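S.K.: everything below, folded, please.
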Amino acid sequence: MASRSMGLLLALSAIAGLLSPALSARFISLPTDHRPVTAPPLADGLAYDLYSGSCPQLETIVRSAVQAALQQEIALAAGLLRIFFHDCFPQGCDASLLLTGANSEQQLPPNLTLQPRALQLIEDIRAQVHAACGPTVSCADITALATRDAVVASGGLTYDVPLGRLDSLAPAPSDAVFQLPQPTSDVSTLLNAFQSRNLDNVDLVALSGGHTIGRARCSSFSNRFREDDDFARRLAANCSNDGTRLQELDVVTPDIFDNQYYSNLVAGQGVFTSDQGLTGDWRTSWVVNGFAGNHWWFYGQFGSSMVKLGQLQGPSGNVGEIRRNSCFVPNGQSSQTILPAAGDDGFATSA
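M.R.: So this is what the prediction gives:
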């Protein structure tokens with residue numbers, strides 16, 4: 001039964017990818033029983049078909065590159081999800097996180113364990129896209145498309161990505177980066193952070209579902225070891241007092257994008273405090289239970305919430321440039337390298 005369900009899921013994903021932008025934008029409204037999901041409105045300056053004339057092969061190039069990379073290393077999917085969230089949440093989706101050198105966001109504690117290989121994949125895709133179309137597509141748009149395609153390649157459903165983001169000229173301020181949710185955050189803290197960005201409680205639970213794939217360092221959830229239950233003891237035993245060891249965030253299907261994460265939460269098997277806490281607060285528990293029992297609702301809502309997240313902009317709006325030479329430096333500056341790091345795979349509330 002599981003293999004038949006996955007086959008149907010992948011078939012529907014492929015069908016959605018063939019639809020026109022207008023129809024595909026509605027594809028996230030798949031059968032969800034009593035929980036229909038609609039696409040959020042477009043932000044100013046963004047469009048689904050922005051590159052239809054200037055770079056018609058854009059999505060094919062990105063999809064092929066992501067699929068090839070994930071065939072070699074499935075962990076890149078979670079790495080891309082985490083990069084996308086950590087870029088968008090501080091000051092909007094502007095590829096500021098990709099900038100290296102002085103004052104790079106990558107040097108701040110919330111970003112020290114981003115995956116270097118996932119960062120490099122985005123740059124490699126930029127080089128392919130610009131070779132085919134010229135410097136017409138931003139690193140921010142490439143990041144958004146690559147993240148969507150990583151979700152699909154891992155078993156999730158497709159969703160259309162609005163395009164037209166510009167790349168920032170400088171990193172986000174450190175105080176904005178430190179507003180990223182932490183794995184030890186309680187529900188009220190998470191809701192306040194999300195609501196300040198016009199993301200609601202359903203968006204919080206849906207985007208936390210990115211933890212259906214990926215892994216995190218034991219040091220990011222060591223507070224769980226003090227809890228007196230079998231799962232906490234299981235986590236502590238796996239970590240063996242080594243904070244650098246990695247733990248799968250979905251202990252049942254760690255490399256498949258599905259709704260198992262929510263079933264795990266219902267069973268008390270959430271790795272992060274921020275995840276497990278979603279089941280104990282009335283503002284979020286009903287969404288967790290709904291996603292656990294209705295995978296179509298989760299798939300549809302995840303796509304919708306990703307579109308909302310992907311349209312976040314900074315205080316000045318969608319301003320910047322299209323980085324021509326590298327995603328890692330603004331135009332006119334010399335090339336620099338990615339800061340070395342040992343990457344976690346977690347998403348959203350993984351610090």
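S.K.: so residue 145 is in which element?
M.R.: Using DSSP states H and E, the element containing residue 145 is helix 139-153.
S.K.: now residue 247
M.R.: Going by DSSP H and E, residue 247 is part of strand 246-248.
S.K.: show me what that strand is packed against.
M.R.: In terms of contacts (3 or more CB pairs under 8 Å, 6 or more residues apart in numbering; DSSP states H and E), strand 246-248 is packed against strand 215-217, helix 230-239. The way it works is simple: take the backbone N, C-alpha and C, and place the C-beta from them, glycine included.
S.K.: give me the contacts around stretch 45-57.
M.R.: 21-22, 24-25, 42, 58, 129, 132-134, 136-137, 160-165, 311, 317-318 (CB atoms under 8 Å, 6 or more residues apart in numbering).
S.K.: filter those to the buried ones?
M.R.: Buried subset of the contacts of stretch 45-57 (neighbour count, 16 or more other CB atoms under 10 Å): 24-25, 58, 129, 133, 136-137, 160-165, 311, 318.
S.K.: picking that back up, run the chain-centre distance for the helix holding residue 145.
M.R.: 9 Å (CA atoms, centre = their mean, to the nearest Å).
S.K.: other SSEs contacting that helix?
M.R.: Counting contacts by 3+ CB pairs under 8 Å, 6+ apart, helix 139-153 packs against helix 58-72, helix 76-91, helix 116-133, helix 295-310.
S.K.: which parts of it are buried?
M.R.: 139-153.
S.K.: same check, this time on stretch 215-235
M.R.: Those would be 215, 216, 217, 218, 220, 221, 222, 224, 231, 232, 235, for stretch 215-235 by 16+ other CB under 10 Å.
S.K.: kindly report the same for stretch 256-268.
M.R.: So, applying 16+ other CB under 10 Å, buried residues of stretch 256-268: 256, 257, 258, 259, 260, 261, 262, 263, 264, 265.
S.K.: contacts for the helix or strand following the strand holding residue 247 next, please.
M.R.: Using DSSP H and E, the helix or strand that follows strand 246-248 towards the C-terminus is helix 260-266. Helix 260-266 has contacts (CB under 8 Å, 6+ apart) with 208-209, 211-212, 249-253, 270, 275-276, 278-279, 288-289, 291-292, 298.
S.K.: try 6 Å this time
M.R.: Helix 260-266 has contacts (CB atoms under 6 Å, 6 or more residues apart in numbering) with 209, 211, 212, 250, 252, 253, 279, 288, 291, 292.
S.K.: got the CA coordinates for it in CSV?
M.R.: What follows is helix 260-266, C-alpha atoms only, in CSV (Å, rounded to 0.1, in the frame of the first residue of the first chain):
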residue,chain,number,x,y,z
GLN,A,260,4.9,10.9,8.9
TYR,A,261,6.5,13.8,10.8
TYR,A,262,3.1,14.7,12.2
SER,A,263,2.2,11.1,13.1
ASN,A,264,5.5,11.0,15.0
LEU,A,265,4.5,14.2,16.9
VAL,A,266,1.2,12.7,17.9
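S.K.: just how off-centre is the helix or strand following that helix within its chain?
M.R.: Next along the chain after helix 260-266, taking DSSP H and E as the criterion, comes helix 273-276. When distances are taken as CA atoms, centre = their mean, helix 273-276 is centred 17 Å away from the chain's centroid.
S.K.: cool, and stretch 244-263?
M.R.: Taking CA atoms, centre = their mean, one finds the center of stretch 244-263 at 15 Å from the center of the full chain.
S.K.: stretch 267-276 now?
M.R.: That offset, for stretch 267-276, works out to 19 Å (CA atoms, centre = their mean).
S.K.: what is the rounded mean pLDDT of it?
M.R.: For stretch 267-276, the mean pLDDT works out to 96.
S.K.: now stretch 317-326: buried residues?
M.R.: 318, 320, 322, 323, 325, 326.
S.K.: now the residue at minimal distance from the centre of the chain: how far from residue 66?
M.R.: The centroid of the chain falls nearest to residue 81 when counting by CA atoms, centre = their mean (2.7 Å). Counting by CB to CB, to the nearest Å, the gap from residue 81 to residue 66 is 12 Å.
S.K.: hang on, the earlier thing: just the buried positions in whichever helix or strand comes after the helix holding residue 145, please.
M.R.: Counting by DSSP H and E, the next helix or strand C-terminal to helix 139-153 is helix 174-177. Residues 176, 177 are the ones in helix 174-177 that count as buried (16+ other CB under 10 Å).
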